[in-house]
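Novice: Just a sequence and a predicted model for now, questions to come.
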Amino acid sequence: MSALPISEAIIRHKSNASSYSRGEDYYRRGAVYDVKKRGNSLQASVEGSEIKPYRVSVNFDAGGVTLACCSCLYNYDGWCKHIVATLLTCTRASNAITERLTLEQLLDNLDHLQTQRLVQELLRKNPELIDDIDTFVSLLNSPPSNKKSPPSKRRSQIDVTPIRSQVRRILRDGLRELEYGSEEDPFTEELTAIIEQAQEFALQSDGTSAIAILEAITSTYAEEWDELAEYGGDCYSIAEPLNIAWTEAILCEDIPEAQATDLQVMLESWQDEIAADFCMSLEALKQGWNYEPLQQIMAGNNSVTLWQEDTRPDFADDLISIRLDFLERQNRYPEYLNLAFAEGMTQQYLTKLAALGRIDEAMSAAKTQMDNAETAFALAMVLRDDGYLSEALGIARSGLHLDGNCTYEFATWTSDFAGGMGDTSTALNASMVAFEAKPSFRDYQKVENLAADAWSQIKPDLLEILRESRHWYVTEAKVDIFLHEEFIDEAIATVSSNSYYASELLERVMDAAIPHRPDWVITKARQLAEDIMNRGKADRYDNAVRWLKKVKAAYVQLGKQSEWSAYRAELENIHGRKRKLMELFKGLNKV
C-alpha cells in the first residue's frame, strides 16, 4: 500500500500550530479509523467531541492533495485537526489504509439487473434523486447538440407589485436608521438579494422576467432618490450591481425594437435621476447580438472592432465577460473562443481551450499570450484538474514570476504541487516567491525544509526580505522569525517601532528578552502598567498586573529583588484605595 503523495511538512504548512498539535494528538490516540482509499480519493472517520464521528474526505493526484474537507464546522486557518489526524495516519501508518474498488470498478462488476436494483435501492433511501435520474436519462436519450436548449420560461407574467413594496420598505426602513445616526449600510445587502433574483431569471434565459424585476427595483429606487440623497443614503448606491444585472437581462433576451427604445429611454432617465452609470447596459442594448461587427468577430474575423472610433470603454471587459458567460451556457464554444481572442480576454481564452481538451493549442498560445499571474494560475489549475499534470507544472513554473495580485496564493499552490510531483527545485523557488510576497513563519519553515543543505545560503536572503518589509501585517512574522533565530534585539525593535502591535506579540518578546534585555522589559512593562493604573482603567487592571509580572521577572533576572519590593510598595501606596487592583496584586506573590 503506497501512502498519499504528501509530506508531514506540507501537512504542517497547511494547518496552523494549534490544529497540527491537536491533530497529532488525535492521531496518537487512535481517533482515526475506517480509512478507505478508492483510486484518487480517500475517506476516513475521526472520533471527536460529538457523538457521531467526523467524516474526512481527501482527493489527490500525483502532485498531492487537491481537496480536503471535513464534516466539522471549522473554517478558519488552514486544515482542521481532523484532516491533520487523517493525513498523519496516511503518512505514518499507511498500513491502516484499506484499498477499496473505485466507483467505476464497482459498477463494472454489476450486470444490468443488479445495476437497476442498485439505483432502485438508492432511490428508496433518497426519493429526491428521481428528478436527477430523469434528467440524466433524458440527456442520454437526446441527440447531441452543439447549442444548449434554453430552459422553459414562465408561462405567466411575473407580478412585480410585491417587489416594489419590498424595495420601498427596505429604503424607508434604512432611511429611518440613518436618521437615528446609524453608521451601518442599511440598504445594500437586502437590495442586492432582490437584484440577484432577477439575475437568476437571466441565468435561465428568462429575460422578460428579469427585466420586469429590474424595472421595478430601479424605478422604485429612483422615486425615493431625493430623500436618499438628503440623508446620505446615496453613499450606499446599488448602481453597479444594477448595471451588471441589466446587462445580463438584456443580453439573454431577443428584445423587440420598440421595447428596446423604451428601455433606452428609461435607462437614460434613471441614469440622470440617481447619478448612476448605465453605459454598459445601454451599449448592450444598442449592440444586442445582431450587431454586425460582433457577428463578424464571433465568426472569426479579427479585422473588425466592436468599439466606435477604436476607443475601448472602461466597461468593455465586463461586457465581454457577460457575453462569454452567456455563450458558455449555450455551449457556443467556437464563438466564445473567437470573441475572447479578439477582445484580449486571455484568461478566458486559454482556460477554455484547455477545458475543451485542446491542450496543445492552449500551451502554444500561452507562450505568447499569457501575461499575468492570474491567467497562469487559472490555466494551471484547469490543466491539473483535467489530469495534465506535467503541462500544469510547466505553466506554473513559467508564470510564477509574472505580475499579478495572486502571487502568494499562486506560489503556495505551485510549491505544494511541485513538491508532490517530486520537483524540489521548483517547490523551493515557489516557496521563496511566496515568502517574498507575504512573509510568514510558516513559509520560512517551509523554505528551510525544502532547502535542506542549501539553507545556510538561502536564509540570509529571506531575513533581508523580512527586514526590508514595511507592511503592518509582517509584524507577527518578524516577531516569530526573530525570536526563532534568537535575534532578540531585532524582535524588540519590531514591537518598539510599531504602534499597532498586539499585546500578545509584545508579551512574547518580553518573555524572550528577560534573560537578554531585562532593563528594556522593566522600562516598557512599567510604562504600560502605570498608564492603566494612573488612568484608573478598572476593566484593564488584569492587564496591568500581567505587565507587572514581567517587571518582577526582569528585576529577579537582574538580582534586584529589593528594588522590585520597593517599586511594588510605592505602587501600593499610590493606588491602595483601588480595591480591585489591590486584590489582583496578590497574584504578584505567585510569580
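Specialist: Structure's in. What do you need? From a predicted model like this one, the values you see are computed outputs, not experimental measurements. Numbers count the residues shown, from 1 in each chain.
Novice: So what are the sheet partners of the helix or strand hosting A68 and their directions?
Specialist: Here A68 is covered by strand 64-70, with elements defined by DSSP states H and E. Paired with strand 64-70 in the same sheet, following DSSP bridges, are strand 54-61 (antiparallel).
Novice: Now find how far off-centre the partner strand is within its chain.
Specialist: In terms of C-alpha atoms, centre = their mean, to the nearest Å, the gap separating the centre of strand 54-61 from the centre of its chain is 20 Å.
Novice: Now do the buried residues in it.
Specialist: Buried residues in strand 54-61, counted by 16 or more other C-beta atoms under 10 Å: 54-56, 58, 60-61. (Each C-beta comes from the backbone N, C-alpha and C, glycine too.)
Novice: JSON lines please, covering these and showing distance to D416 and pLDDT.
Specialist: As requested, these are exported to JSON lines (distance: C-beta to C-beta, whole Å; pLDDT from 0 to 100):
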{"residue": "Y54", "distance to D416": "24", "pLDDT": "96"}
{"residue": "R55", "distance to D416": "24", "pLDDT": "97"}
{"residue": "V56", "distance to D416": "18", "pLDDT": "97"}
{"residue": "V58", "distance to D416": "14", "pLDDT": "96"}
{"residue": "F60", "distance to D416": "11", "pLDDT": "94"}
{"residue": "D61", "distance to D416": "12", "pLDDT": "93"}
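Novice: and which of those is nearest Y20?
Specialist: V56 (15.1 Å; C-beta to C-beta).
Novice: Just confirm the closest one contacts E47, I think it does.
Specialist: No: applying C-beta atoms under 8 Å as the test, V56 and E47 come out as separate, 11.6 Å apart.
Novice: Identify the residue spatially nearest to I458, adjacent ones excluded.
Specialist: A451 (4.9 Å; C-beta to C-beta, 6 or more residues apart in numbering).
Novice: where does the stretch 301-450 of the chain dip in pLDDT?
Specialist: Judged by pLDDT under 70, the stretch 301-450 of the chain has its weakly predicted residues at 310.
Novice: Spatially central residue for this protein, please.
Specialist: If you average the C-alpha coordinates of the chain and look for the closest C-alpha using C-alpha atoms, centre = their mean, you land on E409, 9.6 Å from that point.
Novice: For it, give me its contacts.
Specialist: By C-beta atoms under 8 Å, 6 or more residues apart in numbering, the contact set of E409 is F377.
Novice: Tell me where the chain has strands.
Specialist: Assigned by DSSP state E, the strands in the chain fall at 32-38, 41-46, 54-61, 64-70, 98-99.
Novice: if you skip the residues just before and after it, what's nearest to L110?
Specialist: L118 (6.6 Å).
Novice: separation between the one you found and K125?
Specialist: Counting by C-beta to C-beta, to the nearest Å, the separation of L118 from K125 is 11 Å.
Novice: Check G48 too.
Specialist: Here the criterion is C-beta to C-beta. By it, G48 lies 26 Å from K125.
Novice: So which of the two has more stuff around it?
Specialist: G48 (18 against 7; other C-beta atoms under 10 Å).
Novice: and the more buried one, what does it touch?
Specialist: Taking C-beta under 8 Å, 6+ apart as the contact definition, G48 lies against 26, 31, 54, 72, 82.
Novice: Sitting in helices, which of these do you find?
Specialist: If you go by DSSP state H, those have 26, 82 in helices.
Novice: Let me know the closest of the contacts of G48 to R508.
Specialist: Distance to R508 across those (C-beta to C-beta) is lowest for Y26, with 26.9 Å.
Novice: can you pull the contacts of that closest one?
Specialist: Taking C-beta under 8 Å, 6+ apart as the definition of contact, the neighbours of Y26 are 32, 46-48, 81-82, 84-85.
Novice: Quick check, D61 in contact with L389.
Specialist: Yes: the pair D61 and L389 qualifies as a contact (C-beta under 8 Å) at a distance of 6.4 Å.
Novice: Show me how far the strand holding A68 is from its chain's centre.
Specialist: Offset of strand 64-70 from its chain centre (C-alpha atoms, centre = their mean): 15 Å.
Novice: in that strand, what's buried?
Specialist: Neighbour-count burial for strand 64-70, counted by 16+ other C-beta under 10 Å, picks out 64-66, 68, 70.
Novice: Let me know the closest of those residues to T414.
Specialist: In terms of C-beta to C-beta, no member of these lies closer to T414 than G64, at 11.2 Å.
Novice: May I have the predicted confidence score for the closest one?
Specialist: We have a pLDDT of 91 for G64.
Novice: I244 too?
Specialist: So, for I244, pLDDT stands at 97.
Novice: Which parts of the chain belong to which domain?
Specialist: The chain is divided into the following domains under automatic domain parsing: 8-104, 110-141, 159-288, 470-512, 514-590.
Novice: comparing these, which gets the lowest mean pLDDT score?
Specialist: Out of the domains of the chain, the stretch the model trusts least by mean pLDDT is domain 110-141, with a mean of 87.
Novice: what about that domain, distance to the chain center?
Specialist: Averaging C-alpha positions (C-alpha atoms, centre = their mean) puts domain 110-141 36 Å from its chain's average.
Novice: please begin residue numbering at 43 from this point
Specialist: From this message on, residue numbering opens at 43, which makes the last subject domain 152-183.
Novice: Return the set of buried residues in it.
Specialist: Using 16+ other C-beta under 10 Å, none of the residues of domain 152-183 count as buried.
Novice: now do stretch 47-59
Specialist: The neighbour-count check on stretch 47-59 (16+ other C-beta under 10 Å) flags 47-49, 52-58 as buried.
Novice: Report the two of those separated the most.
Specialist: Checking these against each other with C-beta to C-beta, the farthest-apart pair comes out as P47 and N58, at 22.7 Å.
Novice: how close does the closest residue to I212 other than its chain neighbours get to E269?
Specialist: Leaving aside its sequence neighbours, I212 sits nearest to E232 (C-beta to C-beta, 6+ apart; 4.8 Å). Going from E232 to E269 by C-beta to C-beta gives 17 Å.
Novice: which of those two has more neighbours?
Specialist: Neighbour comparison, E232 and E269: the larger count goes to E232, with 16 against 12 (by other C-beta under 10 Å).
Novice: is it true that the more buried one touches R211?
Specialist: No: using C-beta under 8 Å, E232 is not in contact with R211; the gap is 9.2 Å.
Novice: Show me whatever sits in contact with both of the two.
Specialist: In terms of C-beta under 8 Å, 6+ apart, E232 and R211 are not both contacted by any residue.
Novice: In the contacts of Y68, find the pair that's most separated.
Specialist: Pairwise distances among the contacts of Y68 were taken by C-beta to C-beta; the largest, 14.2 Å, belongs to E89 and V126.
Novice: For those two, indicate the residue with more neighbours.
Specialist: The residue with more neighbours, out of E89 and V126, is V126; 31 against 17, by other C-beta under 10 Å.
Novice: got a list of what the residue lying closest to M463 once chain neighbours are set aside touches?
Specialist: Taking C-beta to C-beta, 6+ apart, and ignoring the residues beside it in sequence, M463 has G105 as its nearest neighbour in space, at 4.7 Å. With contacts defined as C-beta under 8 Å, 6+ apart, G105 is in contact with 47, 426, 431, 434-435, 458-460, 462-463.
Novice: Tell me where the stretch 243-392 of the chain has helices.
Specialist: In chain order, the stretch 243-392 of the chain shows helices spanning 249-265, 267-272, 281-293, 299-315, 321-329, 334-340, 358-371, 375-384, 388-397, with DSSP state H, counting those that start in this stretch as the criterion.
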